[in-house]
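[1] the sequence and its predicted three-dimensional model are supplied below.
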Amino acid sequence: MPITNSPTAEPLTEVHQPAMLKPLIDPIISRLINNFPDKLVALIKQHGSPLNLVWPHALESNTHALLAVLKQYSVPHAIFYGAKANKSQSLLVAAANSGVGVDVSSVHELQAALRAGTPGARICATGPAKTAFFHQALVSSGSLISIDSLEEFEHLQYVIEAQPTPTKARVLLRYRPKTSPQSRFGMSSQDLLEGLQRLTKHTDIFHFEGFHFHLGGYGVESRAQALREISGFVEAAREMGLNPQMIDIGGGLPIRYVEPQIYARFLQNDNKPSHYYNQKVPEAYYPYGSDLTAPQWLALLLEAEHSPGVSIATYLKLQNITLALEPGRSLVDQAAISLFRVTRTKQLAFNKTVIFVEGSSFSACETWFASEYLLDPILISSQQPPYAPIQAYIAGHSCLDDDVITYRLINFSTAPRPGDILIYVNTAGYQMDLLENEFHRHPLPRRLTASCCTQGHYAFSPDY
Ligand SMILES: *Cc1c(COP(=O)(O)O)cnc(C)c1O
């Protein structure tokens, strides 16, 4: 259902930009919000609230920015889009159109990636609990399998040998870096060497391609260190007659959601218990004001020292090893916005205010991480001047006390009215649909994909 927009002579609505944690916004999306706010109101009328608008052009430009860095350093490379960051099919199509692969962790993600047009050979499967069915599907699509443990190794071997005509499995071995000895993901040095030994004995059913790891957090140095650790195993594998060609360093490239100075100022001045309705500052936040963008992060990693006088980029080139990356969040930077319709604003005791929206803490918050999504929402309001500024927190439509989108008291230049819209920007990375469900039997929020976008012509269609 394409919708063509033209600016109305007299807008019925006003866009109120936040003053505190003003989000960075993709220019195409910003133009829609600022020039055609009434269209967003109309979309919500048609599709309900909350509503997620997905922007595939953002994934394509994020991909190209990372590829440009890899090319600049002339490093052999492979990118696998970490598909768990978002359930959108159009983002998978955008990944396929950009020529990059996909990192999948379920048979459903595998099928969706194939449906989007990604060749099986460009798919890499990670995750510690792959089923026999998933293994079979991966082997028959010729996808790369990251083996998480010796137990998985044995299981996969059994699955292949049980096939009427055994097909070789393309495999990586997942390493557990020394910085995370307690992790349940990956193999210790000892198990990794054992895995390599087993591979030398089963070259008929396994095609060994290299090593993999994925670390929590967003540090460059932890990845550089893990990569240095792995290079010892590259040599060991070669001595055993194997031919490792890839080091896959997983995801964890950062997104910059707000300008670093604004974020630093917020942390310093505006992040005290009194700034929260529940008088509590969450223990941890995503680093929303990242000092590094993802391309800068990648350049730093490539320039990091591998051994005295040898950078990681040089090591990879000299050894002819492909650097694989599995960026999830960073590839979907700016690739969605989430709209919530305001139900009402209510006065509470102690001169506080709550805004109720149609939607819940499952639709845009960091509930899973016991945190909050920190960006201020943009308000689209039909309120006419004079404006009366308020400070309020934002709650969902459930009767559970914890259904709160943000406890943080947000400054609005005018009090939102029923039917007004709050826009959370940059929600594609684990925000918009990670925890989505049918709580209270509310239907799942709709997801529309934007087909871009000359000025004034924004078209949206269902994103399956
Ligand atoms: C989640 C995950 C990713 C993606 O991580 P981001 O932080 O979103 O970049 C990549 N690889 C593996 C194995 C993962 O589990």
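    In hand now; what should we look at?
[2] what's around the closest residue to the ligand within the stretch 151-300 of the chain, how many residues?
    Here the stretch 151-300 of the chain gets closest to the ligand at one residue, G251, 2.4 Å apart by CB to the nearest ligand atom. To be clear about C-beta, it is placed using only N, CA and C from the backbone, and glycine gets the same treatment. In terms of burial, G251 registers 22 neighbours under the definition other CB atoms under 10 Å.
[3] show me the contacts for it.
    82, 103, 214, 325-330 (CB atoms under 8 Å, 6 or more residues apart in numbering).
[4] may I ask which two of these are separated the most?
    Distances among those were taken as CB to CB; the most separated pair is H214 and S330, at 13.5 Å.
[5] more neighbours, those two?
    Ranked by neighbour count (other CB under 10 Å), H214 and S330 place S330 first, with 28 against 25.
[6] stretch 315-328 and the ligand in contact?
    Yes. Applying CB under 6 Å from any ligand atom, one finds stretch 315-328 in contact with the ligand at 326-328.
[7] between the contacts of G251, which is nearest G359?
    Closest to G359, out of all of the contacts of G251 and judged by CB to CB, is R329, at 21.4 Å.
[8] how close does the residue lying closest to that closest one once chain neighbours are set aside get to G359?
    Leaving aside its chain neighbours, R329 sits nearest to G429 (3.6 Å; criterion: CB to CB, 6 or more residues apart in numbering). G429 sits 18 Å away from G359, going by CB to CB, to the nearest Å.
[9] the two: who's more crowded?
    A count of neighbours by other CB under 10 Å puts G359 above the other of G429 and G359, at 29 against 23.
[10] just checking, that one touches P50?
    Yes. With contacts counted by CB atoms under 8 Å, G359 reaches P50, the gap being 3.7 Å.
[11] identify the contacts common to these two.
    338, 340-341, 445.
[12] could I get these as CSV with pLDDT, neighbour count and secondary structure?
    Shown next, in CSV, are those (pLDDT from 0 to 100; neighbours: other CB atoms under 10 Å; DSSP: H, G, I helix; E, B strand; the rest coil):
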residue, pLDDT, neighbour count, secondary structure
S338, 97, 27, strand
F340, 97, 28, strand
R341, 98, 21, strand
P445, 94, 23, coil
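[13] chain neighbours aside, what residue packs nearest to M20?
    Distance criterion CB to CB, 6+ apart; nearest residue to M20, sequence neighbours excluded, is D376 at 5.5 Å.
[14] one step back: correct me, but the residue nearest to R329 touches Y257?
    No. At 9.3 Å, G429 does not count as touching Y257 under the criterion of CB under 8 Å.
[15] quick check: next helix or strand after the least confident helix or strand in the chain by mean pLDDT?
    Scoring the helices and strands of the chain by mean pLDDT, DSSP states H and E places strand 446-454 at the bottom, with a mean of 85. Next along the chain after strand 446-454, taking DSSP states H and E as the criterion, comes strand 457-462.
[16] tell me which residues in that next one are buried?
    458, 460 (16 or more other CB atoms under 10 Å).
[17] likewise stretch 59-75?
    For stretch 59-75, a neighbour-count test (16+ other CB under 10 Å) marks 59-63, 65-67, 69-70, 73, 75 as buried.
[18] and for stretch 317-332?
    For stretch 317-332, a neighbour-count test (16+ other CB under 10 Å) marks 319, 321-332 as buried.
[19] ok, and the closest non-adjacent residue to the residue in the stretch 301-450 of the chain that the ligand sits nearest to?
    Closest to the ligand within the stretch 301-450 of the chain is G328: 2.6 Å, counting by CB to the nearest ligand atom. Of all residues not flanking G328 in the chain, G82 sits nearest, at 2.8 Å (CB to CB, 6+ apart).
[20] residues near the one you found, how many?
    Neighbour count of G82, defined by other CB under 10 Å: 29.
[21] that one contacts L331, correct?
    Yes. With contact defined as CB under 8 Å, G82 counts as touching L331 (7.3 Å).
[22] what sits in contact with each of those two?
    By CB under 8 Å, 6+ apart, no residue touches both G82 and L331.
[23] report the beta-bridge partners for the residue nearest to G328.
    Applying DSSP bridges to G82 yields these beta-bridge partners: D103.
[24] that one and E109, how far apart?
    10 Å.
[25] next one: E161
    Applying CB to CB to E161 and E109 gives a distance of 26 Å.
[26] go on, I394?
    Relative to E109, I394 is positioned 31 Å away (CB to CB).
[27] more neighbours: which of these two?
    More neighbours surround I394 than the other of I394 and E109, with 27 against 21 (other CB under 10 Å).
[28] residues contacting the closest residue to the ligand within the stretch 1-150 of the chain?
    Among all residues of the stretch 1-150 of the chain, G82 sits closest to the ligand, at 3.1 Å; criterion: CB to the nearest ligand atom. Contact partners of G82, counting by CB under 8 Å, 6+ apart, are 103, 251, 326-329, 331.
[29] try 10 Å
    Contact analysis of G82 by CB atoms under 10 Å, 6 or more residues apart in numbering lists 95, 102-105, 109, 124, 126, 214, 250-253, 325-332, 429.
[30] just E436 next, same as before
    Contacts of E436 by CB under 10 Å, 6+ apart are 50, 52, 87, 360, 362-364, 444-445, 447.
[31] with A335 instead?
    A335 neighbours (CB under 10 Å, 6+ apart): 26, 29, 53-62, 85-86, 88, 90-91, 94, 426-429, 432, 449-450.
[32] in strands, which of those residues appear?
    When the contacts of A335 are checked against strands (DSSP state E), the matches are 53-54, 449-450.
[33] closest to H440 among these?
    Nearest to H440 among those, with distances taken as CB to CB, is L53, at 23.5 Å.
[34] who's in contact with the closest one?
    Contacts of L53 by CB under 10 Å, 6+ apart are 29, 32, 40, 43, 47, 335-339, 423, 427-428, 432, 446-450, 458, 460, 463.
[35] can you rerun that using 6 Å?
    337, 448, 450 (CB atoms under 6 Å, 6 or more residues apart in numbering).
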